[in-house]
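1. got a predicted model here, sequence first, then my questions.
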Amino acid sequence: MSRERLIVALDVPTPREALKLVETLGDAANFYKLGMQLLSAGGYMGLVDELHERGHKVFADLKFFDVPATVGAAVRGLRERGVEFLTVHGNQAIMEAAAENKGGSMKILAVTALTSLDRGDLDDLGFDCDVDELVLSRARRAVEAGCDGVIASGRELPVLRQALGNRLLVVTPGIRPLDNNEVQDQKRVVTPRAAIAGGADHIVVGRPINAAGDPRSAALAIQAEISRGLAPGAGGPAPG
């Protein structure tokens, strides 16, 4: 469903505030990402269960990075709670363990390069390659490991789609509407329309909705941008 291409990041301090935002959005969104902020607040699994019971899809963005047996056990636990998407870091053994234990409708997404990183950050981390090369390498390994998709910036979408076609899901964070003037902590951003037109299966949007004066209107505006991105001849990604 095109409306489920929008994943709203519930980047709020508490589960109570998260549910309040979900109620405010109503039918403007149906897919929600729960990250580490809510995990540290307590009540994370209860929130997962509540959203699932309300008929919403849940993306557990926990970026697992641990010994494979531990990751496998954690994946099985979240699988039983009906989690739709789950992120892991791109270590081969970790990706394989996650893929082997996912089951049901769960999809494992490998992290390629965080959208908060740029060329200078990669140099600091010791990666002697372009961002595109790093993302494509990790995406290929994710496919080989049995993962369903990757987390990747809209800037890397053309490279991924050209090399791998539709062999994997691509979920794209770092989305900012054209009229969004907030201070950015994402360095490789695109607009909703450009990301969808460029081949993203889902886009993740947080503050442009969470911090809006009218979150529902903001979400509906992004849904309209998604529809325009899906239209024939919409074109590929452009800087946001």
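-> It's in. Computed from a prediction, not measured in an experiment: that's the story for all the values here.
2. what about residue 209, how many residues close to it?
-> Per other C-beta atoms under 10 Å, the neighbour tally for residue 209 reads 28. All C-beta spots, glycine's among them, are computed from the backbone N, C-alpha and C.
3. residue numbering should commence at 32 henceforth.
-> With the count now opening at 32, the last piece we talked about shows up as residue 240.
4. low-confidence ranges, the protein, go.
-> Residue ranges of the chain with pLDDT under 70: 32, 144-162, 209-220, 264-271.
5. kindly check the end-to-end length of stretch 131-138 for me.
-> Length of stretch 131-138, first residue to last, C-alpha to C-alpha, to the nearest Å: 11 Å.
6. list the buried residues for it?
-> 131-133, 137-138 (16 or more other C-beta atoms under 10 Å).
7. what of stretch 168-180?
-> Neighbour-count burial for stretch 168-180, counted by 16+ other C-beta under 10 Å, picks out 169-174, 176, 178-180.
8. could I get those as a markdown table with distance to residue 250?
-> Output for these, formatted as a markdown table (distance: C-beta to C-beta, whole Å):
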| residue | distance to residue 250 |
| --- | --- |
| 169 | 30 |
| 170 | 29 |
| 171 | 34 |
| 172 | 34 |
| 173 | 29 |
| 174 | 31 |
| 176 | 34 |
| 178 | 28 |
| 179 | 25 |
| 180 | 23 |
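9. give me the subset of the buried residues of stretch 131-138 lying in strands.
-> For the buried residues of stretch 131-138, membership in strands holds for residue 138, with DSSP state E as the criterion.
10. packing partners for the longest strand along the chain?
-> Using DSSP E, we find that the single longest strand of the chain is strand 88-95. Strand 88-95 is packed against strand 62-65, helix 67-72, helix 75-84, helix 99-110, strand 116-119, with contacts defined by 3 or more C-beta pairs under 8 Å, 6 or more residues apart in numbering; DSSP states H and E.
11. most packed of these?
-> Of all the helices and strands packed on strand 88-95, strand 116-119 carries the top mean neighbour count, a mean of 24, counting by mean count of other C-beta atoms under 10 Å.
12. that strand - contacts with which helices or strands?
-> Contacts defined by 3+ C-beta pairs under 8 Å, 6+ apart place strand 116-119 against strand 88-95, helix 99-110, helix 123-132, strand 138-142.
13. ok, which of these comes nearest residue 221?
-> Ranking the helices and strands packed on strand 116-119 by distance to residue 221, with C-beta to C-beta as the measure, places strand 138-142 first at 17.7 Å.
14. can you list contacts of that closest one?
-> The contact list for strand 138-142, computed with C-beta atoms under 8 Å, 6 or more residues apart in numbering, reads 94, 106, 115-121, 126, 129-130, 133, 169-170, 172-173, 176-182, 200, 202.
15. mind listing what the nearest residue to residue 77 once chain neighbours are set aside touches?
-> Distance criterion C-beta to C-beta, 6 or more residues apart in numbering; nearest residue to residue 77, sequence neighbours excluded, is residue 46 at 6.7 Å. Contact analysis of residue 46 by C-beta under 8 Å, 6+ apart lists 69, 72-75, 77-78, 81.
16. measure the closest residue in space to residue 124 that isn't next to it in sequence to residue 113 for me?
-> Of all residues not flanking residue 124 in the chain, residue 99 sits nearest, at 4.6 Å (C-beta to C-beta, 6+ apart). Using C-beta to C-beta, to the nearest Å, we find residue 99 at a distance of 23 Å from residue 113.
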